[in-house]
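**Student:** I need the structure of the sequence given here:
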Amino acid sequence: MVSLIINLLFFILISYPIIGAMCWFCCVLCYQFLYKSNSKRVPHRSISKNKNNAYPFILIIVPAHNEEVLIENTIDYLMNEIDYPNYEVIVADDGSTDNTPSVLKKMSEKYIAKNFRTLRVNSNKGKAHALNIAAGFAKGEFILSNDADVLPESNALNRYMDYFFSRENSRVAAVTGNMSVRNRSSILGKSQTVEFSSIVGSIKRSQSATIDTMYAYSGANTMYRKSALIDVGMFRQDRATEDISIAWDHSLNGWETLFAPDIMFYMNVPENLISLFHQRKRWAKGGIEVWLSNFIKVVKSPIKYFKQVILLLDQTCSIVWSFSFFILFFFFCINMILFFINRNYVDIETTLLYTSIFIVFELFSGLIEVGVSLIFDDASKKTKYIIFTPLYLLIFWIINPLAIVVSLPGAIKTVLGNGIGTWASPKRN
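**Tutor:** Model (predicted):
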């Protein structure tokens, strides 16, 4: 029985990354050559004005917690560089304990006569709470969530409106942009450029092309329809990731969600492994929370929730693969130690040989998927970063599954009603 389980885990370990990469590879091609040809899905001209020939009012919410390093630059950019005539910026300071309040006071005085406001939550309640409070000040129907370290392209608001008004109905709940890395000076930053431009982008393209929905929004920059937020009870304040939970809530309630690869925004990413792991642990926890919360509901009505069945199946495979990785890694280490103690050097060489072959196959399949995605993303501007693909795959194959394994207990605690949505911003440079 033990041998059967180990063989099954080994099959999952080998097959899932290869099958997943090939599926994403094919789906990216489908998105590029089939899905994008449908003008109802992807706008081809500027139609930012609504049927009354007026630009809809947009509220840009900037949730912030201890962002003294970057918040001033972000505000200046949003106030001066955005090419859209009808918007307001609200910074929701969620209990910052650094110099963020002083910076915001200075910015309020600087833009006192303009469309800029701040609000202060005295204690850290979390990003979802800050978004919910600020959304109460929205004068119109559209809300852009923009992280404190994020700079969207100057024409982003026009393009977001293009997507909303290109549809024949008003069932589009949210349009999420295409993230890119600002701080690419470090090797880790360059590696994440590969990830966001290829892996993350290819997943969103694949899900859009095949089931016309998404597993998660880009929490750093997404435009929401206010009525869609109200319909699902706003952002869940007890969850680790508001962008994953709200995407599932919208999808389960029958709302449409769109990925806009042509709307670029630029964000800062962690520049050391500790910060990166903390980020991935939060993402993993949010994903498992959604998986646990919706598993029974989706499985009970697989026809009604067919799209969610596909997302749930992929997420289940990802979780099982993560545990398989570390279980088999444990057995690998034990066997290598025993081989060494017993001087079975031939077995050591054989094991290392097969392990190397496995790694090469995984890297090759990943390289194909990453290469195609980089070609189609952002007009092929990031193809030069493909040389960092092997490093990215090796590092993130360890960090991401480890984050899933470590986050499982906390996610179970949240689903049982003991979750908290407080947050901590990464260290900024």
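**Student:** Could you report the neighbour count for Phe340?
**Tutor:** Other residues within reach of Phe340, judged by other C-beta atoms under 10 Å, total 12. (Glycine included, C-beta is placed from N, CA and C.)
**Student:** The longest strand anywhere in the chain pairs with which strands?
**Tutor:** In terms of residue count, the longest strand belonging to the chain (DSSP state E) is strand 256-267. For strand 256-267, sheet partners with direction are given as strand 151-152 (antiparallel), strand 172-181 (parallel), following DSSP bridges.
**Student:** Strands along the protein, start to end?
**Tutor:** With DSSP E, the ranges of strands along the chain come out as 58-64, 87-94, 116-121, 142-146, 151-152, 172-181, 221-225, 256-267.
**Student:** Mind putting those into TSV with distance to Trp24, mean neighbour count and mean pLDDT?
**Tutor:** Below are these laid out as TSV (distance: least, C-beta to C-beta, whole Å; neighbours: other C-beta atoms under 10 Å; pLDDT from 0 to 100):
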stretch	distance to Trp24	mean neighbour count	mean pLDDT
strand 58-64	31	25	92
strand 87-94	35	23	91
strand 116-121	39	17	89
strand 142-146	26	25	93
strand 151-152	26	24	92
strand 172-181	16	24	86
strand 221-225	22	26	92
strand 256-267	14	22	86
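**Student:** okay if I get these as JSON lines plus distance to Asn294?
**Tutor:** Output for these, formatted as JSON lines (distance: least, C-beta to C-beta, whole Å):
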{"stretch": "strand 58-64", "distance to Asn294": "25"}
{"stretch": "strand 87-94", "distance to Asn294": "27"}
{"stretch": "strand 116-121", "distance to Asn294": "29"}
{"stretch": "strand 142-146", "distance to Asn294": "22"}
{"stretch": "strand 151-152", "distance to Asn294": "30"}
{"stretch": "strand 172-181", "distance to Asn294": "17"}
{"stretch": "strand 221-225", "distance to Asn294": "20"}
{"stretch": "strand 256-267", "distance to Asn294": "15"}
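**Student:** quick one: which of these is nearest Trp283?
**Tutor:** Among the strands of the chain, the nearest to Trp283 by C-beta to C-beta is strand 172-181 (13.0 Å).
**Student:** Pass me the low-pLDDT residue ranges in the stretch 1-150 of the chain, would you?
**Tutor:** By pLDDT under 70, the low-scoring segments of the stretch 1-150 of the chain are 1-2, 34-53, 113.
**Student:** let's see it at 90
**Tutor:** Along the stretch 1-150 of the chain, the parts satisfying pLDDT under 90 run over 1-56, 64-70, 72, 83, 85-86, 93-101, 103-130, 135-141, 147-150.
**Student:** Pull the contacting residues for the one residue sitting closest to the centre of the chain.
**Tutor:** Centroid-nearest residue in the chain: Ser218, 4.5 Å away (criterion: C-alpha atoms, centre = their mean). By C-beta atoms under 8 Å, 6 or more residues apart in numbering, Ser218 lies in contact with Thr176, Gly177, Asn178, Met179, Asp243, Phe265.
**Student:** So what's the residue count around Ile75?
**Tutor:** Applying other C-beta under 10 Å, I find that Ile75 has 24 neighbouring residues.
**Student:** I'd assumed Phe116 was in contact with it.
**Tutor:** Yes: with contacts defined as C-beta atoms under 8 Å, Ile75 counts as touching Phe116 at a distance of 7.3 Å.
**Student:** so which of the strands of the chain gets nearest Val309?
**Tutor:** Counting by C-beta to C-beta, Val309 lies closest to strand 256-267 out of the strands of the chain; the figure is 16.5 Å.
**Student:** Bridge partners for the nearest residue to Arg117 once chain neighbours are set aside, pull those for me.
**Tutor:** What sits nearest to Arg117 in space, not counting adjacent residues and going by C-beta to C-beta, 6 or more residues apart in numbering, is Ile90, at 4.9 Å. Each beta-bridge partner of Ile90 is listed here, defined by DSSP bridges: Ile61, Arg117.
**Student:** do you know how far Ile90 is from Asn115?
**Tutor:** In this structure, Ile90 lies at 9 Å from Asn115, with C-beta to C-beta, to the nearest Å as the measure.
**Student:** Tyr160 contacts Ala260, doesn't it?
**Tutor:** Yes: with contact taken as C-beta under 8 Å, Tyr160 and Ala260 are classed as touching, separated by 7.1 Å.
**Student:** List the contacts of the nearest residue to Trp255 once chain neighbours are set aside.
**Tutor:** Among residues not flanking Trp255 along the chain, Ala173 sits closest, at 3.5 Å (C-beta to C-beta, 6+ apart). Under the criterion of C-beta under 8 Å, 6+ apart, the contact list for Ala173 reads Tyr224, Arg225, Ala228, Leu229, Asp231, His250, Trp255, Glu256, Thr257.
**Student:** Return the distance of the fifth one relative to His250.
**Tutor:** Spelled out, that is Asp231. When C-beta to C-beta is the yardstick, Asp231 and His250 sit 8 Å from each other.
**Student:** now Asn146
**Tutor:** Counting by C-beta to C-beta - Asn146 and His250 are separated by 19 Å.
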